[in-house]
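Visitor: From the sequence below, what's the structure:
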Amino acid sequence: MSAQPVRSRFAPEIIVLSGCLIALITFGPRASAGLFQIPMTIEHGWGRDVFGLAIAVQNLLWGVGQPFAGAVADRFGAFRVLCAGAILYAAGLVVMAYATSPGMLQLGAGVLIGFGLSGCSFNLVLGAFGKLLPEHWRPMAFGAGTAAGSFGQFLFPPIGNILIDSIGWNQALVVFAGSVLLVLPLSLALATRPGAKSGASAGPAPAPGQSIAQALSEAFRHRSYVLLVLGFFTCGFQLAFITAHLPAYLKDAGLSAAIGGWTLAVIGLANAFGSLTSGWLSTRMSKRWLLAWIYLGRSVAIAAFILLPTSPITSIAFGISIGLLWLSTVPPTSSLVMLMFGTRYMAMLYGFAFFSHQVGGFLGVWLGGALYELYGNYTLVWWLSVGLGIASALINIPIKEEPVERIPGLQPAE
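Guide: The predicted structure is shown next:
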């Protein structure tokens, strides 16, 4: 059967553009968090474990909130969820700017930003794309939305460095908060009718009246989905650790703060290309093998970086190599979720995969700070990232790229 997107008063081009801008705006401040670690900890006399725990909580609560935000967006439409998420995100940045105790930092950088991101990040954008766009638009739109988030990482860290140097780190966070509120008008283009359903030729025929509980039960009984979720853990571990601790790692190696900012920026720029390429490849090759090669490539890039002497050249080279693989896992992962289960509960089911991603992110950031305070370096966490990348490459290989087998005549209890 032919997939019919949910009707929208906006053209597909406007939907993609608005979604990409939301992804860019929401990813930028979050990707710049590592720039604030040293000035904040120096001013308040905190250890890096304090900052690391706040960002770890952010990653965890982003993951915890994502399935619920996805379920609400699937049931009631994306617009309200995006607006609520943007308001929480902006409030969290302001609280973070004026935090004078570890508890306030946990509230702002951890709780508010974490739950805010769950409601307005690119994951919700991808779910809206799956419902609003014609089927032939979806794979490249997934790549474009992910790439736009990456371009936010390219834009915001250099801007963050300039703002920190010129108006201080506190006011830099307030400026970032103002930018996040631009999500409110942009989210109008991603509005869907409450309970709207789209066709599902990209996956199995929808089960008649399938409930949220039935969709979850079906997904977690599906071996390939469970493997996909487990493999995504590594993605979060590696990305969150690098985002939060790479600038400090380079500073410890004697490089300037600008090198840390530009390395994060280069990661974002390279990822824009990598994500688009991944979206294109997701339509032309095995998605499980694409994921396996991405995870293996990350392990090779990280191992080379920590074995070579640290310098501006090796830092930028690492930024390019890891950037090409940074969020390139998202298009094949989201495409596999849609292939297995269709689009009806895509935002929620991808949200549970993302929860695994964010549990990995929590551990990556928290262990980075805790083990640094314990051993005075990040060596153990770097090598753990290498090992996890190899494990995820192997985990993705057995995945079956086919729709779930639905029981004929399945009807939920009313």
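
Visitor: can we go C-alpha only for contacts and neighbour counts from here?
Guide: Will do.

Visitor: Below-threshold pLDDT in the stretch 301-414 of the chain: ranges please.
Guide: 406-414 (pLDDT under 70).

Visitor: what's around the nearest residue to Ser299 once chain neighbours are set aside, how many residues?
Guide: Leaving aside its sequence neighbours, Ser299 sits nearest to Val386 (C-alpha to C-alpha, 6 or more residues apart in numbering; 4.4 Å). By the criterion of other C-alpha atoms under 10 Å, Val386 has 21 neighbours.

Visitor: Give the next helix or strand downstream of the strand or helix carrying Cys235.
Guide: Counting by DSSP states H and E, the element that carries Cys235 is helix 223-252. Downstream of helix 223-252, the first helix or strand assigned by DSSP H and E is helix 257-281.

Visitor: Packing partners of that next one?
Guide: Under the contact criterion of 3 or more C-alpha pairs under 8 Å, 6 or more residues apart in numbering; DSSP states H and E, helix 257-281 touches helix 138-167, helix 223-252, helix 312-324, helix 330-341.

Visitor: want to throw the ones you listed into TSV with mean neighbour count?
Guide: Converted to TSV, the helices and strands packed on helix 257-281 look like this (neighbours: other C-alpha atoms under 10 Å):
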stretch	mean neighbour count
helix 138-167	24
helix 223-252	23
helix 312-324	21
helix 330-341	25
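
Visitor: Of all the ones you listed, which one comes closest to Ser282?
Guide: Shortest distance between Ser282 and these, using C-alpha to C-alpha, is found for helix 330-341: 5.5 Å.

Visitor: Next, the angle from that closest one to helix 138-167.
Guide: Going by axes from the mean of the first three to the mean of the last three C-alpha atoms, to 10 degrees, helix 330-341 is angled at 140 degrees with respect to helix 138-167.

Visitor: so how far is the helix or strand just after helix 330-341 from its chain's centroid?
Guide: Downstream of helix 330-341, the first helix or strand assigned by DSSP H and E is helix 346-375. Distance, stretch centre to chain centre, for helix 346-375: 11 Å (C-alpha atoms, centre = their mean, to the nearest Å).

Visitor: which strands and helices sit next to the next helix or strand after helix 346-375?
Guide: Where DSSP H and E defines the elements, the next helix or strand beyond helix 346-375 is helix 379-396. When contacts are defined as 3+ C-alpha pairs under 8 Å, 6+ apart, helix 379-396 sits against helix 223-252, helix 287-307, helix 346-375.

Visitor: Can you give me the pLDDT of Ser18?
Guide: Predicted confidence (pLDDT) for Ser18: 89.

Visitor: Where does it fall, secondary structure wise?
Guide: Assigned by DSSP H and E, Ser18 falls in helix 12-31.

Visitor: ok and the following helix or strand past that helix relative to helix 138-167, angle-wise?
Guide: Downstream of helix 12-31, the next assigned helix or strand under DSSP H and E is helix 37-44. In terms of direction (the same axes, to 10 degrees), helix 37-44 departs from helix 138-167 by 40 degrees.

Visitor: If anything else comes up later, I'll come back, but that's it for now.
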